[in-house]
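Engineer: predicted coordinates and the sequence they were generated for:
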Amino acid sequence: QVQLVESGGGMVQAGGSLRLTCSVSGSSFSVYNMGWFRQPPGKERQIVAAISWSGGNTYYADSVKGRYTISRDTAKNTVYLQMNSLKPEDTAVYYCAARRRFTVVLSTTEAAYNDWGQGTQVTVSS
């Protein structure tokens with residue numbers, strides 16, 4: 001099992017930037033994929049971006065392509081989500097997730113992930 005702690009959320013005006021950080025502790029050697037999900041008010045949780053722990057392959061939802069960047073620092077056991085050109089529709093609780101089951105492809109569904117952080121609120125005002 002791994003423990004995930006998100007930080008870096010907050011309130012920002014449209015067009016601004018935020019960087020979310022996910023600190024990974026515990027059995028980090030067992031992680032294959034890391035993902036960022038978000039849950040807007042009144043909506044279901046959805047994938048935002050994913051990255052392979054070893055190779056650096058990435059996936060982005062169409063809604064954030066060109067604006068968000070996911071990265072990881074394996075030495076620090078940390079995953080980042082750089083969010084630029086933020087829009088009011090990006091407002092959501094953002095969650096970090098880890099997949100510990102073997103996979104050769106990036107996981108993009110909630111069910112594919114084993115462990116979750118507590119979430120951090122991102123609010124973008126117009």
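Structural biologist: Perfect, thanks for sending it.
Engineer: which residues does the closest residue to residue 1 other than its chain neighbours bridge with?
Structural biologist: Take residue 1 and drop its neighbours on the chain: the residue closest to it by C-beta to C-beta, 6 or more residues apart in numbering is residue 26, 5.6 Å away. (Each C-beta comes from the backbone N, C-alpha and C, glycine too.) On the basis of DSSP bridges, residue 26 is bridged to residue 2.
Engineer: hang on, isn't residue 26 packed against residue 77?
Structural biologist: No - using C-beta atoms under 8 Å, residue 26 makes no contact with residue 77, being 9.2 Å away.
Engineer: middle-most residue in the protein, spatially?
Structural biologist: With distances taken as C-alpha atoms, centre = their mean, residue 36 lies nearest the centre of the chain, 1.9 Å away.
Engineer: quick one on the thing from earlier: the residue nearest to residue 1: what's it in contact with?
Structural biologist: 1, 2, 3 (C-beta atoms under 8 Å, 6 or more residues apart in numbering).
Engineer: between those residues, identify the one with the most neighbours.
Structural biologist: residue 2 (20 neighbours; other C-beta atoms under 10 Å).
Engineer: and it, what pLDDT?
Structural biologist: On pLDDT, residue 2 comes in at 91.
Engineer: nothing else from me, thank you.
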